[in-house]
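Participant: Model the following, please.
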Amino acid sequence: EEERVRRRREGRRGERDDKGRGRRRIGGGGGEEKKRRKKKRKREICFLMIRRPPRSTLFPYTTLFRSSSASETTWRPTRCATGSGISPVPSANPPTRQADFIPHFALAPDFGSAYRQRGLIAYRQGDYAAATADLDTAQQLGSGTSAYTLGLAAYRQGDYEQAAQAMTLAFGTTPPTPAQRYQRGLAFYRQGDYQAALNDISTAIADGYSTANSFYYAGLSAYHLKKYARAADYFTDALKTDGTLTAAYRQRGLARYKAGQVQLARADLDLALKLRPNDARVYFYRGLLIRDEGDLSAAIQDFNRALEIAPNDTTILYTRGRAYYARADFAAAAADFARVRTLDPAHSGASYYLGLTQYKTNAYADAVQSFSTAIQLSPTNGWALYYRGLAYRRLGQFTAAKTDLQHVLEVAPGSRAATSRRRPG
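Facilitator: Okay, here's the model as predicted:
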């Protein structure tokens, strides 16, 4: 019995030793397991807090830490510690897509920062219509920190007036950079405010934004203001910056021609054609220059080349028609004017000159119709009234002729048509 008790005690002691050694073994390897589990918990369990966001983010949002396995475009539920235990809540990382804002608008439909943030995302994605709408709404709701981006989006949409207004508002709070001032100058230029455009672009150039385009648009603004010498200087600066800018040669040629520098103008247009031989506008402008020098045949040749490149350009067609008319080629002139009316029914000049060609070829009834169309489109055209009166007289309709000739005095009393009203046709 004593031996049996002794063996039982020794067996129990061996089991305890084995268990102890096992615990030590498990404890030694268990440390790594505990670290792995602890690291996993750190990745899955996160802290929930509401914080004030930086200016570039949305309104105060829930900050959660995602596990590294989550993709950038997938939002997965994350376990977060709360006061009463662990509960699943959705991740609230800052949105990166326009559609991500739908739940935010459901919670805060009048929060301007949400519209601003979504508008910025839309602008970066090239959706300028959506960007303009959202940023304008944000502006109305009092979140106006993106007024300049609103101006850029409006400019892309072709709303140059809104673009200039938004940029001006932005410049009232933050001094503009030279590039931003140049951009507002472009908006002024597009809406026809050439003086404001020249002020902004020239200031941007003086502040260091001296690109070929900035010089070019400064030159265009000065040209429209009839400051031809200054415009030519700007175009010269543009060409110094970029010698391949064909449009600058073309515009400098026009500016020099308007300034009376005919030979220099012709040289610029010739050089522009060498750089871009398929530029219809250069042929057209050179044709104008040659026409004003009195060489109608050479001018018509340039107009023909321009129309080979741009056959439906109504300006070139109308100008060539007038050159044909000046050369007394009435049939060719009538064909050009008729085509202009087909392409642009509201072109009053084409109707007037078509009536002249018909009058010159004794087609008085057709001339009356053409002059009547011209008068409808331009009621103050005294010459159209005058020649329609002469056409009525040729047709024997003396009452209508007298009415038209008398009306010339009322519509354009100081015009040459009024002083010529009694001259025989």
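Participant: what sits against the residue nearest to residue 191 when sequence neighbours are not counted?
Facilitator: When the adjacent residues along the chain are set aside, residue 191 lies closest to residue 160, with 4.2 Å between them (Cβ to Cβ, 6 or more residues apart in numbering). Where you see a C-beta, it was placed from the backbone N, CA and C, and this is true even at glycine. Residue 160 makes contacts with 154, 187, 188, 190, 191, as judged by Cβ atoms under 8 Å, 6 or more residues apart in numbering.
Participant: Output those residues in TSV, with distance to residue 393 appended to each entry.
Facilitator: What follows is these, written out as TSV (distance: Cβ to Cβ, whole Å):
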residue	distance to residue 393
154	55
187	53
188	51
190	48
191	47
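Participant: Show me which of these are buried.
Facilitator: The neighbour-count test (16 or more other Cβ atoms under 10 Å) marks 154, 187, 188, 190, 191 as buried among the contacts of residue 160.
Participant: with these in mind, which one is nearest to residue 8?
Facilitator: Each of those was scored against residue 8 by Cβ to Cβ, and residue 154 proved nearest at 94.6 Å.
Participant: what's the following helix or strand after the helix or strand hosting the closest one?
Facilitator: Counting by DSSP states H and E, the element that carries residue 154 is helix 147-156. Per DSSP H and E, helix 147-156 leads on to helix 160-173 as the next helix or strand towards the C-terminus.
Participant: got the angle for that following helix vs helix 147-156?
Facilitator: With axes from the mean of the first three to the mean of the last three Cα atoms, to 10 degrees defining the directions, helix 160-173 sits at 160 degrees from helix 147-156.
Participant: pLDDT weak spots in the stretch 301-425 of the chain?
Facilitator: Applying pLDDT under 70 to the stretch 301-425 of the chain flags residues 413-425.
Participant: what about 80?
Facilitator: Low-confidence segments of the stretch 301-425 of the chain, defined by pLDDT under 80, are located at 411-425.
Participant: can the buried ones among the contacts of residue 160 go into JSON lines with extra columns for pLDDT, distance to residue 129 and secondary structure?
Facilitator: Listed next are the buried ones among the contacts of residue 160 as JSON lines, based on pLDDT from 0 to 100; distance: Cβ to Cβ, whole Å; DSSP: H, G, I helix; E, B strand; the rest coil:
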{"residue": "154", "pLDDT": "80", "distance to residue 129": "10", "secondary structure": "helix"}
{"residue": "187", "pLDDT": "94", "distance to residue 129": "17", "secondary structure": "helix"}
{"residue": "188", "pLDDT": "95", "distance to residue 129": "22", "secondary structure": "helix"}
{"residue": "190", "pLDDT": "93", "distance to residue 129": "18", "secondary structure": "helix"}
{"residue": "191", "pLDDT": "93", "distance to residue 129": "19", "secondary structure": "coil"}
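Participant: Quick check: the two most widely separated of these?
Facilitator: Between any two of the buried ones among the contacts of residue 160, the greatest separation by Cβ to Cβ is 13.2 Å, found for 154 and 188.
Participant: Neighbours of the nearest residue to residue 326 once chain neighbours are set aside, how many?
Facilitator: Taking Cβ to Cβ, 6+ apart, and ignoring the residues beside it in sequence, residue 326 has residue 296 as its nearest neighbour in space, at 6.0 Å. Residue 296 has 17 neighbours, counted by other Cβ atoms under 10 Å.
Participant: now do the one 10 residues further on
Facilitator: Taking other Cβ under 10 Å as the neighbour definition, residue 306 ends up with a count of 25.
Participant: quick revisit: which secondary structure elements does the helix holding residue 154 contact?
Facilitator: In terms of contacts (3 or more Cβ pairs under 8 Å, 6 or more residues apart in numbering; DSSP states H and E), helix 147-156 is packed against helix 112-124, helix 128-140, helix 160-173, helix 178-190.
Participant: Tell me what angle that helix forms with helix 178-190.
Facilitator: Regarding helix 147-156 and helix 178-190, their directions subtend 40 degrees when assessed with the same axes, to 10 degrees.
Participant: Could you number the chain from 8 rather than 1 from now on?
Facilitator: New numbering, starting at 8: the last item is helix 154-163.
Participant: what's the distance between residue 392 and residue 412?
Facilitator: Using Cβ to Cβ, to the nearest Å, we find residue 392 at a distance of 8 Å from residue 412.
Participant: Shouldn't residue 298 be within a helix?
Facilitator: Yes - in this structure, residue 298 lies within a helix as judged by DSSP: H, G, I helix; E, B strand; the rest coil.
Participant: Show the contacting residues for it.
Facilitator: Shown here is residue 298, whose contacts under the criterion Cβ under 8 Å, 6+ apart are 306, 326, 330.
Participant: Now the second one: which helix or strand?
Facilitator: What that stands for is residue 326. Element membership of residue 326 [criterion: DSSP H and E] is helix 321-333.
Participant: elements contacting that helix?
Facilitator: Of the remaining helices and strands, those touching helix 321-333 by 3+ Cβ pairs under 8 Å, 6+ apart are helix 287-299, helix 303-316, helix 337-350, helix 355-367.
Participant: Low-confidence regions, the stretch 108-257 of the chain specifically.
Facilitator: Within the stretch 108-257 of the chain, the segments meeting pLDDT under 80 span 108-160.
Participant: from what I can see the residue nearest to residue 333 touches residue 332, true?
Facilitator: No - between residue 303 and residue 332 no contact is recorded; they are 10.1 Å apart, counting by Cβ atoms under 8 Å.
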